[in-house]
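Colleague: Following is a predicted model, sequence given first.
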Amino acid sequence: MRSLRPLIALAPLAFTACAGLMASMPRRGGERALAPLATLQRSLDSLTSQPQFRNAHWGVLVVNSATGDTLFSKNAGKLFMPASNMKIITGAVSLALLGADYRYRTTFVTSGTVQDSVLTGDLVVIGRGDPSLSDRMRGNAAMAMDSIADSLLVRGVRRVTGQVARMGNAFPDSTRGYGWEWDDLREYYGAGVDELTFNESMAPTTLRADSTRDSLYSGPAPDPARAYLAAFSDALKRRGIVVDGGIADTIFTDAPLLDTLFVQQSPPLRDILPMMMKPSQNQMAELLFKAVGLERGGIGTADTARRIVGKQLLAWGAEADGFNIRDGSCLSRHNLLSPETVVRTLAGIQRDTAFAAFYNSMPIAGVDGTVRSRMKGTLAEGNVRAKTGSISFARSLSGYVTTADGERLIFS
């Protein structure tokens, strides 16, 4: 079987050609406007018809975002595995439904009392999927967890007589997505997520001299929520807070007369999204996907999320047979999108008040993210904002490019 690497290299070049050709195109009609467009169409037809792609299937759509005119289309209504272009859907829908200022909340409560520096009872954590407690977002996840332990110190707590536990079940379904492949589950990108997730669900593997975990992680944690509680317990130990009962083995489902000790808020979604989109971070995407289900559907399951995401795609003009959503990241090979659906999503979020946050989260050609080494020295460098996608036997690239005369094109 022929390698797909030529596709990876040539697809960005095709849209670099779009930018260059469209830069010379006048804004309005006449014969002069037809020649560059015809040249663009011939170039893309020639590229996608080359002999090395004889056993490949291309789906391409290029649209003028201001006029809605289609500049090029090839199999645009067909379904393809989107790979990480799925994150375009997750990011755009979450911004539209939750807002750029949305913050995750993690609540720390107790059924006991605090007196003379002793919390008599259990210390309970209620999560809603905050993805931001990670090295990627905080620089050092362990130090960020230390700051949470400090919140107990400032309230005078030096000892907990009970256990450190979690309560509730905001994300009650599997920690991994539908149809994820077995080989992916042992890789960092295949780590599962839960309503309590620490450092992108990486399990601690390195011990300090004082036998507490540091911020070096490798390998997916088998139980993300318990790994969070373990990291929290380590932080309490570093801060000199003694927990008599250790970590609870079960999820607390109910407790009377809970008192809130403090609430930890994440950075706003506008700051989280670039950390998902630019490096193509899967766990953040899954947590965001389930947060949509939780906040807009009342339960943080993939089934709830896919129903809500589908409704938003329809509202943006996607055809009902133009998508099949199974997870928020890309790992499920049961995800299917047409180029039309991706382009309509990119057009739909462009009309939303949160568009600036979405646009700023997209990787910039030749500058950052997964396209930092692509399109350098071309008109696309610093111009194209595009999300890549890569999974076995599928490659994708979708986003925006601005022509020299200031017109924005949407492509997939």
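Modeller: Cool, got the structure.
Colleague: Could you list the domains of the protein?
Modeller: 5-99+272-411, 105-267 (automatic domain parsing).
Colleague: residues touching the spatially closest residue to Asp69 that is not a sequence neighbour, list them.
Modeller: Once flanking residues are discounted, Asp69 sits nearest to Val63: 6.9 Å by Cβ to Cβ, 6 or more residues apart in numbering. Placement of C-beta: from N, CA and C, glycine included. Val63 makes contact with 69-71, 343, 347, 409-411, according to Cβ atoms under 8 Å, 6 or more residues apart in numbering.
Colleague: Restricted to helices, list these.
Modeller: 343, 347 (DSSP state H).
Colleague: Is there a quick PyMOL command that grabs whichever of the contacts of Val63 are buried?
Modeller: The buried subset of the contacts of Val63, as determined by 16 or more other Cβ atoms under 10 Å, is captured in PyMOL by this line:
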select buried, resi 71+343+347+409+410+411
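Colleague: Flag the shaky bits of the stretch 151-300 of the chain, pLDDT-wise.
Modeller: 203-218, 254-257 (pLDDT under 70).
Colleague: Now with 80, please.
Modeller: 185, 202-219, 253-257 (pLDDT under 80).
Colleague: still on that earlier bit, so is the residue nearest to Asp69 in a helix, a strand, or just coil?
Modeller: strand (DSSP: H, G, I helix; E, B strand; the rest coil).
Colleague: Also Ser398?
Modeller: strand.
Colleague: wouldn't it be in contact with Asn85 here?
Modeller: Yes - at 5.2 Å, Ser398 and Asn85 qualify as touching, with contact defined as Cβ atoms under 8 Å.
Colleague: what sits in contact with each of those two?
Modeller: 342, 387, 389, 412.
Colleague: Count the neighbours of the third one for me.
Modeller: Right, Gly389. Look at Gly389: counted by other Cβ atoms under 10 Å, it has 23 neighbours.
Colleague: can you give me the strands in the stretch 51-200 of the chain?
Modeller: 60-64, 70-74, 105-110, 113-115, 118-120, 123-126, 159-160, 164-166 (DSSP state E, counting those that start in this stretch).
Colleague: Give me the sheet partners of the fourth one and which way each runs.
Modeller: Each strand that pairs with strand 113-115, with its direction, by DSSP bridges: strand 118-120 (antiparallel).
Colleague: neighbouring contacts of the partner strand?
Modeller: Contacts of strand 118-120 (Cβ under 8 Å, 6+ apart): 110, 112-114, 152, 157-162.
Colleague: Selecting buried members of those in PyMOL, what would you type?
Modeller: Only the buried entries of the contacts of strand 118-120 go into this PyMOL selection, using 16+ other Cβ under 10 Å:
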select buried, resi 110+112+114+152+157+160+162
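Colleague: Just give me the closest of the contacts of strand 118-120 to Gln41.
Modeller: Closest approach to Gln41 among these (Cβ to Cβ): Leu152, at 64.0 Å.
Colleague: how close does the closest one get to Thr370?
Modeller: 39 Å (Cβ to Cβ, to the nearest Å).
Colleague: Nearest residue to the middle of this structure?
Modeller: Closest to where the C-alpha atoms of the chain average out (Cα atoms, centre = their mean) is Ala285, at 2.7 Å.
Colleague: my guess is that residue contacts Ile88, does it?
Modeller: No - in this structure, Ala285 is not within contact of Ile88 by Cβ under 8 Å, at 10.3 Å.
Colleague: Thank you, goodbye.
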